[in-house]
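**Q** No letters, just coordinates:
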């Protein structure tokens, strides 16, 4: 009888460990696929590096060198104009028409609407990007599968800049090394 109790206890503990491991692995995998910062020191350092130096900058030619120094490694703002590598890079300008928890919506002067949603929007917010409805913004990026993929967001109203992708278009939130390079 004692033997059966011990065996069933070990069996229950083994099953519990398997279930805990499966839940933990699934949670981690979903978090990494979604790009959620998981506490990695390199990711925290990237977030701090991007956040420092981008607040309070003004937008203009004299600040181009300064903003370039604050850009993540591998991002060259000047390379994007007319660049055709994997994607054709472009700069769009518009007015923030609405901000929701799930994204920011920008109205261009031609009436077209650009959405910055899902993981790019969460990453921008994690970097401290906080535009207001009515702010003028520029979006550097490219179209992929009929959807605009933003690489750099600039709030022209307050000069705030946030980088979302490196110069090859790879998302910075998915780079485990924390420096934007592959």
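**A** Everything's here; your move. Just so you know, these numbers come straight off a predicted model, no measurement behind them.

**Q** My guess is residue 142 contacts residue 151. True?
**A** Yes. Judged on CB atoms under 8 Å, residue 142 makes contact with residue 151 at a distance of 7.3 Å. For glycine as for every other residue, the C-beta is placed from the backbone atoms N, C-alpha and C.

**Q** Give me the common contacts of the two.
**A** 89, 169 (CB atoms under 8 Å, 6 or more residues apart in numbering).

**Q** what's near enough to touch the residue nearest to residue 109 when sequence neighbours are not counted?
**A** For residue 109, ignoring the flanking residues on the chain, the nearest one in space by CB to CB, 6 or more residues apart in numbering is residue 94 at 6.9 Å. The contact partners of residue 94, by CB under 8 Å, 6+ apart, come to 106, 107, 108, 109, 114, 136, 137, 139.

**Q** hang on, the earlier thing: residue 142 and residue 151: who's more crowded?
**A** Neighbours were counted for residue 142 and for residue 151 using other CB atoms under 10 Å; residue 151 has more, 24 against 20.

**Q** Mind telling me what element the more buried one is part of?
**A** strand 147-155 (DSSP states H and E).

**Q** Now the next helix-or-strand element following that strand: average pLDDT?
**A** For strand 147-155, the following helix or strand on the C-terminal side (DSSP H and E) is strand 160-163. Mean per-residue pLDDT for strand 160-163: 96.

**Q** For stretch 139-148, give me every contacting residue.
**A** By CB under 8 Å, 6+ apart, stretch 139-148 touches 77, 80, 87-94, 106, 114-116, 149-154, 165, 169.

**Q** go again using 6 Å as the cut-off
**A** Applying CB atoms under 6 Å, 6 or more residues apart in numbering, the external contacts of stretch 139-148 come out as 80, 87, 88, 89, 91, 92, 114, 149, 150, 151, 152, 153.

**Q** Likewise for stretch 4-12?
**A** Here stretch 4-12 makes contact (CB under 6 Å, 6+ apart) with no residue beyond itself.

**Q** Right, I'll call it a day here.
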